[in-house]
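Novice: Turn this into a structure:
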Amino acid sequence: MAADPAGRPLTETGPTEPAEPAGRSAAAREELERLLLDGPRRYTRRQVAELAGMPAERTQRLWRALGFADVADDDPAFTDADVTALARLSALIDSGFVDPLTEASIARAMGQTLSRLADWQTDLVAARLAEAGVGLGVDAGTDAVAAAVLRSTEALLPLMSELQDYVWRRHLAANAGRLVLSSGADHRELAVGFADLVGYTSRSRGMGGRELGDMVEDFEGLAADVIARYRGRVVKTVGDGVLFTCADAVDAVEIALRLPVEWSADDRPPLRVGAAYGPVLTRLGDVYSPVVNLASRLTSIARPSTVLVDRELARRLLGSPAYRVRPLRQVSVRGYDQLRPWLVRRREAGDVPGVAALEQLLDEIAHDVLRRGSDEPPA
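Specialist: Just a heads-up that it's a prediction; the model follows:
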């Protein structure tokens, strides 16, 4: 076989690269797993169940609830940390803090939340490595990439763990007042709002992955900022929309009015918002109630850059000098045959006399409808 001047054998496309030493990248990946899993994989599914004192079927149910795929019975996929975690869960159940009937639901809620966080952190590490000139694509098996990932993880893991613990404790502290006032009750009176990007699906088809990702990130960031600014809580985001709650009706309306304005830009799809007020079940970080469905329906019929609310939320704005509410025509939507939406606008100062008089008359009509307990206008 022909050789180059350095004595290396030539192929049709150039010199043959020296073979990568066997096992070096595999060893780096194994070291990364040890770091993340707090030890080596050594136990099968049945062994970890036995060590934790739990039935194997139960550990498998919790494993799936956390969002992980099944592993073969003879696969040593588990670590000492898995045994410790299951033992702690058993202790929580024995103490009465966690109900055995809800343990899978709790595991599912934690798994879904932390899975998204882990996805974001993985993307963060990948982006930093890409900026440093180390790709995670075709070179993912090289020693350079494996070593870079290991170094980055070693540096980030303790910092992220401490930060996550801090944020978690701050959220517990923020909810401490509710625990004291409600004695832990999960039924509350809340305003529930949806904010939805109009035409998101059609617009996203013509966007590149990076451009679409930037827009979604901007939307979620702005929504989180506005909602937190007015004492609301982001329940969840789903690409083109965000679901939020507020204890105070005025705070909810202020969020609803500010979101479309602060989001507005020529290169962005418009935003529309629907909100409703009433009894809500809060469970595992999510909210359930006909009020949630009503807010969703109101959002679906709102025009771009407008805010629609239900009658109860409109009624709670009575007497507020900052807002105007107007009853709109009844509509039929899924689950509601005669839904009357109420349009909310900010009260503008400096109306010309004729306009001001008309607005005053409309205010009186709207207030009369709300006070009478009926959506029908007076005869």
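
Novice: Can you give me the domain boundaries for the protein?
Specialist: 24-176, 186-372 (automatic domain parsing).

Novice: Residue ranges in this structure under the pLDDT threshold?
Specialist: 1-26, 128-129, 131-143, 145-146, 177-186, 349-359, 361, 364-365, 373-379 (pLDDT under 70).

Novice: can you pull out the strands in it?
Specialist: With DSSP state E as the criterion, the chain has strands at 187-197, 233-237, 241-246, 271-283, 286-288, 307-309, 323-327, 331-333, 336-339, 342-346.

Novice: now, of the ones you listed, which is deepest in the fold?
Specialist: Comparing those by mean neighbour count (mean count of other Cβ atoms under 10 Å), strand 307-309 ranks first with a mean of 29. Any C-beta I mention is one placed from the backbone N, CA and C, and that applies to glycine too.

Novice: From residue 199, how far off is residue 205?
Specialist: 11 Å (Cβ to Cβ, to the nearest Å).

Novice: Which of these two has more residues huddled nearby?
Specialist: residue 199 (11 against 8; other Cβ atoms under 10 Å).

Novice: Now that one: closest residue in space, sequence neighbours ignored.
Specialist: residue 269 (5.0 Å; Cβ to Cβ, 6 or more residues apart in numbering).

Novice: isn't the one you found right up against residue 197?
Specialist: Yes - contact criterion Cβ atoms under 8 Å: residue 269 and residue 197 qualify, at 4.8 Å.

Novice: Output the longest helix belonging to this protein.
Specialist: helix 143-182 (DSSP state H).

Novice: Any chance of JSON lines for the strands of the chain, columns distance to residue 51?
Specialist: Formatted as JSON lines, the strands of the chain follow (distance: least, Cβ to Cβ, whole Å):
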{"stretch": "strand 187-197", "distance to residue 51": "40"}
{"stretch": "strand 233-237", "distance to residue 51": "36"}
{"stretch": "strand 241-246", "distance to residue 51": "41"}
{"stretch": "strand 271-283", "distance to residue 51": "32"}
{"stretch": "strand 286-288", "distance to residue 51": "33"}
{"stretch": "strand 307-309", "distance to residue 51": "55"}
{"stretch": "strand 323-327", "distance to residue 51": "60"}
{"stretch": "strand 331-333", "distance to residue 51": "54"}
{"stretch": "strand 336-339", "distance to residue 51": "54"}
{"stretch": "strand 342-346", "distance to residue 51": "58"}
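
Novice: With respect to residue 96, which of the ones you listed lies nearest?
Specialist: strand 271-283 (18.5 Å; Cβ to Cβ).

Novice: Wait, residue 64 touches residue 71, no?
Specialist: No - applying Cβ under 8 Å as the test, residue 64 and residue 71 come out as separate, 10.8 Å apart.

Novice: what do those two both touch?
Specialist: The contact sets of residue 64 and residue 71 do not overlap (Cβ atoms under 8 Å, 6 or more residues apart in numbering).

Novice: check contacts around the residue nearest the centre of the chain.
Specialist: Residue closest to the mean C-alpha point of the chain, counted by Cα atoms, centre = their mean, is residue 236 at 3.9 Å. Counting by Cβ under 8 Å, 6+ apart, residue 236 makes contact with 242-243, 286.

Novice: So it versus residue 287, what's the distance?
Specialist: Counting by Cβ to Cβ - residue 236 and residue 287 are separated by 9 Å.

Novice: which residues are in contact with both of the two?
Specialist: residue 243.

Novice: re the thing from before, let me see the contact set for the residue nearest to residue 199.
Specialist: Residue 269 sits in contact with 197-200, 203, where contact means Cβ under 8 Å, 6+ apart.

Novice: Which of these sits closest to residue 368?
Specialist: For those, the nearest to residue 368 is residue 198 (32.7 Å; Cβ to Cβ).

Novice: returning to that earlier point: in CSV: the contacts of residue 236, plus distance to residue 339.
Specialist: Below are the contacts of residue 236 laid out as CSV (distance: Cβ to Cβ, whole Å):
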residue, distance to residue 339
242, 22
243, 19
286, 24
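
Novice: ok, of those, which one's closest to residue 38?
Specialist: Checking those one by one against residue 38 (Cβ to Cβ), the nearest turns out to be residue 286, at 29.9 Å.

Novice: Give me the nearest residue to the closest one, chain neighbours excluded.
Specialist: Per Cβ to Cβ, 6+ apart, closest to residue 286 is residue 235, 6.3 Å.

Novice: give me every residue that touches the one you found.
Specialist: 243-245, 285-287.

Novice: please redo it, this time with the cut-off set to 7 Å
Specialist: By Cβ atoms under 7 Å, 6 or more residues apart in numbering, the contact set of residue 235 is 243-245, 286-287.

Novice: Please apply the same query to residue 67.
Specialist: 111-112, 115.

Novice: Turn those residues into a markdown table, columns for neighbour count and distance to residue 273.
Specialist: Below are the contacts of residue 67 laid out as a markdown table (neighbours: other Cβ atoms under 10 Å; distance: Cβ to Cβ, whole Å):
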| residue | neighbour count | distance to residue 273 |
| --- | --- | --- |
| 111 | 17 | 30 |
| 112 | 16 | 25 |
| 115 | 13 | 28 |
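
Novice: From the structure, what's the count of residues near the residue nearest to residue 239 when sequence neighbours are not counted?
Specialist: Counting by Cβ to Cβ, 6+ apart, the nearest residue to residue 239 once its immediate chain neighbours are dropped is residue 216, at 6.1 Å. Other residues near residue 216 come to 16 when the count uses other Cβ under 10 Å.

Novice: now swap in the one 5 residues further on and tell me
Specialist: For residue 221, the count of nearby residues is 10 (other Cβ under 10 Å).

Novice: Sweet, I'm off.
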